[in-house]
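Chemist: Everything below, folded, please.
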Amino acid sequence: MCCHGTVCASFAFKRARNHLKIILDFDTLKCMRKILLCLCGLTPQVITETIYALAELQRPTFIPDEVHVITTGAGKMLIMEKLLHPSQGRFYALCREYGLGNIHFHESTVHVVSRNGEEVFDLRDDLENNITADFILNIVRQLCSDPDNQVHASLAGGRKTMSFYLGMAMQFYARPQDELSHVLVNPPFENHPDFFYPPKSPKDYTAYDRSTGRLYFVNSRKAKIVLARIPFVRLRERLTETDTSPVSFTRKVESVQETIAGQELSLLLMDIESLEVEFNGRKAKLTPVEAAIYTQLIQIKKRCKKRARCEHCFECYINPYDLSVEEILAFLRERWGTFSPRLDSIQKRLQSRLDLRDWFLQNRSRINRKIRAIDPEEKALIKAFGPYGNRVYGIGVQRERITLKG
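Modeler: Sure thing, here's the model as predicted:
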């Protein structure tokens, strides 16, 4: 139930020009639990700077209910010392000074990348980079799995590779309500060890001038914090999430690539009644014999379940001698009748099956000639695989992109 005692309004979906345009009801956003997800390396200031920017600079404001941080062992030590110290923590000072209420930010919401059960203190090699990628992916996946959450992820903080992984993870799992941003702070306040947010009562900070090598004072009035919203492509609606266990970042990227490639493949439609084959909206008329052969190869492919996807798979390709003559004759009998001279002629020719291969290859040439007229890229042809004399034949289009009609 929402804060007004009524059920939150559901998402409204509109489809226009083949693109999904999602309109999110504002009342739904108000009722969601707001989650801020940050990265942190050795500058925990980015966390309080981001909270300040979201609460004071953004309109409408985004005051998180929870703050989650992905960091290393070294980063956690600094967070606990600088932000979450019971008496001197700058996070608590920020909340008191700006009246931000009871934001849940605790050691339990600081997620430390670990290797073999031990905290990673820095990203030193490829293995630790890969572990970090998996870790970030699964944190984002978990936070975005709750429909009552609104996740705002910040790319500020941490190593550049961590920001990249977080951005990618948001592309995979973010919903319409989720956002991505980066907080920018002007020098000399950027990464200043004592500056965590602009205090309400301006104060001086000691800064270092690299050009002269001297220290000088700068007032917090000159601090400028900018929250840069980052647009990104949300792929969640195009992907099918089936795993319930932790996901590998590398495997997720491969899976997304396969899914997108599969969705971009052309659609093949075989209309059994009209004997028309349609590819990408272009049609070709087959003879009953040609349609009988082409339909049987499609049916064989549609029945094949040996692999999840069809790329580089030839399990459904068959030797011409393995064609079902009975199915071909039944197909023709429905169109020509039982006592058709043409049916009788084909039946006699294929009765011994010795001529089956040559008969198939002759018709394959005719079918492929017609298919090329509507498919210049030759994706829907009857293709051959294997060495000469032992070739098998089938249709290369993925089975989920093929439709039999009639």
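
Chemist: Can you show me the helices along the stretch 251-400 of the chain?
Modeler: Taking DSSP state H, counting those that start in this stretch to define them, one finds helices in the stretch 251-400 of the chain at 288-303, 325-336, 341-350, 356-374.

Chemist: and the ones you listed, which is most packed in?
Modeler: Relative to the other members of the helices of the stretch 251-400 of the chain, helix 288-303 carries the highest mean neighbour count by mean count of other CB atoms under 10 Å, namely a mean of 19. (C-beta placed from N, C-alpha, C; glycine too.)

Chemist: how about JSON lines for the helices of the stretch 251-400 of the chain, with mean pLDDT and distance to residue 155 added?
Modeler: Formatted as JSON lines, the entries for the helices of the stretch 251-400 of the chain read as follows, by pLDDT from 0 to 100; distance: least, CB to CB, whole Å:
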{"stretch": "helix 288-303", "mean pLDDT": "95", "distance to residue 155": "44"}
{"stretch": "helix 325-336", "mean pLDDT": "95", "distance to residue 155": "58"}
{"stretch": "helix 341-350", "mean pLDDT": "92", "distance to residue 155": "66"}
{"stretch": "helix 356-374", "mean pLDDT": "95", "distance to residue 155": "47"}
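
Chemist: want to throw those helices into CSV with distance to residue 185?
Modeler: As requested, the helices of the stretch 251-400 of the chain are exported to CSV (distance: least, CB to CB, whole Å):
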stretch, distance to residue 185
helix 288-303, 58
helix 325-336, 72
helix 341-350, 80
helix 356-374, 59
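
Chemist: Which of the ones you listed sits closest to residue 65?
Modeler: Evaluated with CB to CB, the helices of the stretch 251-400 of the chain place helix 288-303 nearest to residue 65, the distance being 49.0 Å.

Chemist: which residues of the chain score low on pLDDT?
Modeler: In the predicted model, the chain carries pLDDT under 70 at residues 1-30, 240-245, 258-266, 307-312.

Chemist: where's the most centrally placed residue in it, which helix or strand?
Modeler: For the chain, the residue whose C-alpha lies nearest the mean C-alpha position (CA atoms, centre = their mean) is residue 172; its distance is 3.2 Å. Using DSSP states H and E, the element containing residue 172 is helix 160-173.

Chemist: buried set for that helix?
Modeler: Going by neighbour count (16 or more other CB atoms under 10 Å), the buried part of helix 160-173 is 162, 163, 165, 166, 167, 168, 169, 170, 171, 172, 173.

Chemist: Also stretch 397-404?
Modeler: Neighbour counts using 16+ other CB under 10 Å place 397, 398, 399, 401, 402 of stretch 397-404 among the buried residues.

Chemist: next one: stretch 198-207
Modeler: Applying a neighbour-count criterion of 16+ other CB under 10 Å, the buried positions in stretch 198-207 are 198, 205, 207.

Chemist: Relative to residue 197, how far out is the closest residue in space to the first one that isn't next to it in sequence?
Modeler: I take that to be residue 198. Leaving aside its sequence neighbours, residue 198 sits nearest to residue 223 (CB to CB, 6 or more residues apart in numbering; 4.9 Å). In this view, residue 223 and residue 197 are 9 Å apart by CB to CB, to the nearest Å.

Chemist: More neighbours: the two, which one.
Modeler: Summary of the neighbour comparison: residue 223 and residue 197, criterion other CB atoms under 10 Å, with residue 197 having more neighbours (26 against 20).

Chemist: Specify the local secondary structure of that one.
Modeler: What DSSP: H, G, I helix; E, B strand; the rest coil gives for residue 197 is coil.

Chemist: Please shift the residue numbers so they start at 181 in all later answers.
Modeler: Will do, 181 is the new start, and the previous item becomes residue 377.
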